[in-house]
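Novice: what shape does this take:
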Amino acid sequence: MLFKSPKKPVALKGKLTLPGDKSVCHRAIIFSSLARGESLIKNFSGGDDNLRTLRIFQKLGVEIQKKDEKTYLVKGRGRNSLTEPEEILNAGNSGTTLRLMTGLLAGQSFFSVIAGDRSLSRRPMGRVTEPLKLMGARITGREGGKKAPLAISGGKLQGIRYQMPVSSAQLKSAIILAGLFAEGPTEVLEPEGSGGSRDHTERMFEFFGSPLVQRKGLVRIEPPVPEFKGQEITVPGDISAAAFFLVAALILPGSDITLSGVGLNPGRTGIIEALQKMGGNITVTPEGKMCGEPWGTLRARSSKLEGGDFSGALIVRMLDEIPILSIAAAAAKGPTRIRDAGELRVKESDRLKVVARELARAGVGVKEYPDGLDIQGGKGFQPASFISAGDHRIAMAFTVASLSAGPGAEVKGTESVKISYPQFYRDLESLSKKR
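Specialist: Numbering: from 1, shown residues only. Next up is the predicted model:
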């Protein structure tokens, strides 16, 4: 699919409610499926990644009913009720699904195989399978279990104390989920100085009535963990999806948008802080909590941005948003320096390489480093034909760049947005007004 920039300049104006946070939706399905009793999940994202997790649990014997486009009823029968699947479990393009399900399946009493698409099969799994093997998990796969497909012979696990080599919510969550079925306590420690990874899993434990032991840089699960109880869950809007609209509003003259019901988990708000540091006019109004997650309303108005220097713990809190931050940097005055983002090289694409290549295509001064980028802003974007590399976040980021570049700019491969945000272009159109 192809996106073409409108013939006339546009501004973004109006209000928008975003689809449910992708990370929270994954966990809502997981915990509802392990709970005893019915759970109703509202504002569930229709993205393919989340649907992969949902369909896997259906293949594991969980009854899940679709009530409407955003609402699902999950009839959980307890933590030990999953059944052996009759076919290979398909995670598609979803790294979260593959990694979290590997942890969960490692502690089951049956055999399973989980696979993904070509892109996911290239992504590293060793950082997850190695600690699971230390717990006693029997996992085989390509490159000695370091890449999917993975064959998992579930069985008895032993708790471990594990120091994570990198700050990763997916790794932490996989070990914690395995710890649910292990004998003895399991502890996961964050890398020193990392600032900590996202805590969606920890919040979901508490929401379902079984809080974990948490201290700074440490999470501990100690059996017997109380039974999860079915809940009514309203998922807050996805801040990663919000980021594309925030940057578009900041760099397109005359824009003024309000995004309601957005998740404001502190582990995810790095992009807001970074854009505000660059001079972005973004107002944050906290509103309360949904399923243990803070949420609120964001208002963004067109602004004159200045380049910035971003590294360290802040990068962990906005890693997925680096592609769209790079668009803001290219539109800003002066240089922007991004470091400590080497994890972007093992996402759906090598995002550092692809962002650098596509920015250069638009005439933006950019230099690529092993763990980041230097971007020279101030000249704007030349109209270009951008290539998404099959990566949903690249497609949406360069759609924003195309709007700024104007007529003649286009993005190829936009079908990839269905992975996380199928209605992105519909929502973008609803806010786009001719200047």
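Novice: and stretch 393-400, average pLDDT?
Specialist: The average pLDDT for stretch 393-400 rounds to 98.
Novice: and stretch 337-346, by the same measure?
Specialist: 96.
Novice: how far does it sit from the chain's center?
Specialist: On the basis of CA atoms, centre = their mean, to the nearest Å, stretch 337-346 sits 16 Å off its chain's mean C-alpha point.
Novice: look up the pLDDT of L298 for me, please.
Specialist: 98.
Novice: using the three-state scheme, assign it.
Specialist: Look at L298: counting by DSSP: H, G, I helix; E, B strand; the rest coil, its state is strand.
Novice: distance check, the closest residue to it other than its chain neighbours against I221.
Specialist: Closest residue in space to L298, ignoring its immediate chain neighbours: L259 at 4.5 Å, by CB to CB, 6 or more residues apart in numbering. (Each C-beta comes from the backbone N, C-alpha and C, glycine too.) According to CB to CB, to the nearest Å, L259 and I221 sit 35 Å apart.
Novice: kindly report the same for G47.
Specialist: G47 sits 28 Å away from I221, going by CB to CB.
Novice: one step back: what's the mean pLDDT across the helix or strand the residue nearest to L298 falls within?
Specialist: In the assignment (DSSP states H and E), L259 maps to strand 256-263. Mean pLDDT, strand 256-263: 98.
Novice: check which helices and strands that strand sits against.
Specialist: strand 10-17, helix 239-251, strand 281-290, strand 293-301 (3 or more CB pairs under 8 Å, 6 or more residues apart in numbering; DSSP states H and E).
Novice: in stretch 91-109, which residues are buried?
Specialist: Of all the residues in stretch 91-109, those buried under the rule 16 or more other CB atoms under 10 Å are 91-108.
Novice: stretch 231-250 now?
Specialist: Under the neighbour-count criterion of 16+ other CB under 10 Å, stretch 231-250 has 231, 233-250 buried.
Novice: residue contacts, the closest residue to E222 other than its chain neighbours?
Specialist: With CB to CB, 6+ apart as the criterion, E222 has its nearest non-adjacent residue at 4.1 Å, and that residue is P185. Residues near P185 by CB atoms under 8 Å, 6 or more residues apart in numbering: G159, G179, R220, I221, E222, P223.
Novice: residue contacts, I41?
Specialist: Taking CB under 8 Å, 6+ apart, we find I41 in contact with C25, A28, I29, S32, T71, Y72, L73, V74, I233, V235.
Novice: ok but the third one is inside a helix, no?
Specialist: Yes: read with three-state DSSP, I29 is one of the residues of a helix.
Novice: that one against R52, yeah?
Specialist: No: counting by CB atoms under 8 Å, I29 stays clear of R52, with 9.9 Å between them.
Novice: same drill for the two, tell me which one is more crowded.
Specialist: Between I29 and R52, I29 has the larger neighbour count (other CB atoms under 10 Å), namely 28 against 25.
Novice: which residues touch that one?
Specialist: I41, N50, T53, L54, F57, I64, Y72, V74 are the contacts of I29 under CB under 8 Å, 6+ apart.
Novice: just give me the neighbour total for S260.
Specialist: Neighbours around S260, by other CB under 10 Å: 16.
Novice: that one contacts N43, correct?
Specialist: No: judged on CB under 8 Å, S260 makes no contact with N43 at a distance of 11.5 Å.
Novice: any shared contact partners between these two?
Specialist: G237.
Novice: isn't R122 up against K147?
Specialist: Yes: assessed by CB under 8 Å, R122 is found in contact with K147 at 7.1 Å.
Novice: which of these two has more neighbours?
Specialist: Comparing R122 with K147 by neighbour count (other CB under 10 Å), the higher total belongs to K147, at 18 against 14.
Novice: tell me the contacts of the more buried one?
Specialist: S121, R122, R123, P124, M125, G126, G141.
Novice: show me the contacts for the second one.
Specialist: I take that to be R122. In this structure, R122 makes contact with K147, judged by CB under 8 Å, 6+ apart.
Novice: switch to numbering from 6
Specialist: Yes, from this point I'll number from 6; that puts the last item at R127.
Novice: and it, backbone torsions?
Specialist: For R127, the backbone dihedrals (degrees, to the nearest 10) come out as phi -90, psi -10.
Novice: how near is it to E148?
Specialist: Using CB to CB, R127 is found at 11 Å from E148.
Novice: and E43, what does it touch?
Specialist: Counting by CB under 8 Å, 6+ apart, E43 touches L78, V79, K80, G81, G235.
Novice: using the three-state scheme, assign S407.
Specialist: Quick answer, by three-state DSSP: S407 is helix.
Novice: number of nearby residues for it?
Specialist: Neighbour count for S407, taken as other CB under 10 Å: 25.
Novice: what of V193?
Specialist: V193: 24 surrounding residues under other CB under 10 Å.
Novice: now swap in Q70 and tell me
Specialist: Here the number of neighbours of Q70 (other CB under 10 Å) works out to 11.
Novice: repeat that for the one 3 residues further on.
Specialist: Using other CB under 10 Å as the criterion, D73 is surrounded by 8 other residues.
Novice: so it bridges to which residues?
Specialist: T76 (DSSP bridges).
Novice: quick check: I157 is in a strand.
Specialist: Yes: counting by three-state DSSP, I157 is found in a strand.
Novice: which ones are touching it?
Specialist: Per CB under 8 Å, 6+ apart, neighbours of I157: T107, L110, A111, Q113, F116, S117, V118, I119, A142, R143, I144.
Novice: what's the closest non-adjacent residue to it?
Specialist: Closest residue to I157 apart from its sequence neighbours, by CB to CB, 6+ apart: L110 at 4.7 Å.
Novice: do P154 as well
Specialist: Spatially, and ignoring its direct neighbours in sequence, P154 is nearest to A120 (3.7 Å; CB to CB, 6+ apart).
Novice: just the pLDDT for that neighbour.
Specialist: We have a pLDDT of 98 for A120.
Novice: then the one 4 residues further on?
Specialist: S124 is assigned 94 on the pLDDT scale.
Novice: and it, that one's in a helix?
Specialist: Yes: assessed with three-state DSSP, S124 lies in a helix.
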